[in-house]
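K.L.:
Below is the structure, and that's it, no one-letter string:
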């Protein structure tokens with residue numbers, strides 16, 4: 001997957017949506033839908049040119065609900081593409097080695113909608129900062145957010161075909177770009193450590 005921009009600033013602004021939410025949204029899987037809920041008080045942001053797009057998202061719970069639905073749909077699509085291409089996709093043995101990015105010499109990038117989706121997931125008690133080279137959601141070699149894991153985590157397999165993974169990554173990024181356009185979110189593709197540290201510390 002390709003680093004289109006390393007700037008984490010928009011991720012910090014959008015983090016307000018997840019961190020100030022009074023109630024967690026229930027996400028239904030299999031069919032990627034989000035159950036409607038009664039929203040709490042609307043959090044306030046200082047008005048300036050950099051956070052006006054985030055304010056539009058905060059103004060009503062409905063856009064955030066719909067954004068979570070759209071992210072779930074992209075993940076559902078990715079899973080179907082991977083399960084239908086077992087050969088080039090590769091078979092993951094869940095060894096957890098690729099989750100230690102420094103030792104594996106691997107970098108992982110995420111988009112702001114994916115972080116927002118993870119933060120809103122019912123089984124995740126707040127986003128964690130990344131203080132070492134290992135993903136903070138990998139415990140004893142196992143992924144603790146497997147159901148909600150990022151697109152890059154779903155696509156990458158050390159036994160997979162690189163061309164297949166690259167093509168699927170490009171298709172997924174187009175979908176996330178379209179989602180950002182639809183919801184007027186600044187599109188950024190950010191290195192996971194920087195994204196988690198900014199999001200969790202917002």
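P.N.:
It's in. This is a predicted model, so every value here is computed, not measured. Numbering: from 1, shown residues only.

K.L.:
C-alpha only now, for contacts and for neighbours.
P.N.:
Noted.

K.L.:
low-scoring stretches of the chain, by residue?
P.N.:
Counting by pLDDT under 70, the low-confidence segments of the chain come to 1-63, 201-202.

K.L.:
run the last query once more with 90
P.N.:
For the chain, the stretches with pLDDT under 90 are 1-65, 85-87, 89-97, 103-106, 121-127, 140-141, 157-161, 198-202.

K.L.:
on contacts alone, who are the packing partners of the lengthiest helix in it?
P.N.:
The longest helix of the chain (DSSP state H) is helix 61-83. Judged by 3 or more C-alpha pairs under 8 Å, 6 or more residues apart in numbering; DSSP states H and E, helix 61-83 is in contact with strand 33-34, helix 52-58, helix 112-120, helix 151-155, helix 162-182.

K.L.:
how about those in TSV, adding distance to residue 93?
P.N.:
Converted to TSV, these look like this (distance: least, C-alpha to C-alpha, whole Å):
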stretch	distance to residue 93
strand 33-34	29
helix 52-58	39
helix 112-120	23
helix 151-155	13
helix 162-182	17
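
K.L.:
which of the ones you listed sits most buried?
P.N.:
Of these, the one with the most neighbours on average (mean count of other C-alpha atoms under 10 Å) is helix 112-120, at a mean of 24.

K.L.:
now it against helix 61-83, angle please.
P.N.:
Computed by axes from the mean of the first three to the mean of the last three C-alpha atoms, to 10 degrees, the angle separating helix 112-120 from helix 61-83 equals 100 degrees.

K.L.:
what's the following helix or strand after helix 112-120?
P.N.:
strand 138-139 (DSSP states H and E).

K.L.:
In contact with residue 174: list those residues for me.
P.N.:
With C-alpha atoms under 8 Å, 6 or more residues apart in numbering as the criterion, no residue contacts residue 174.
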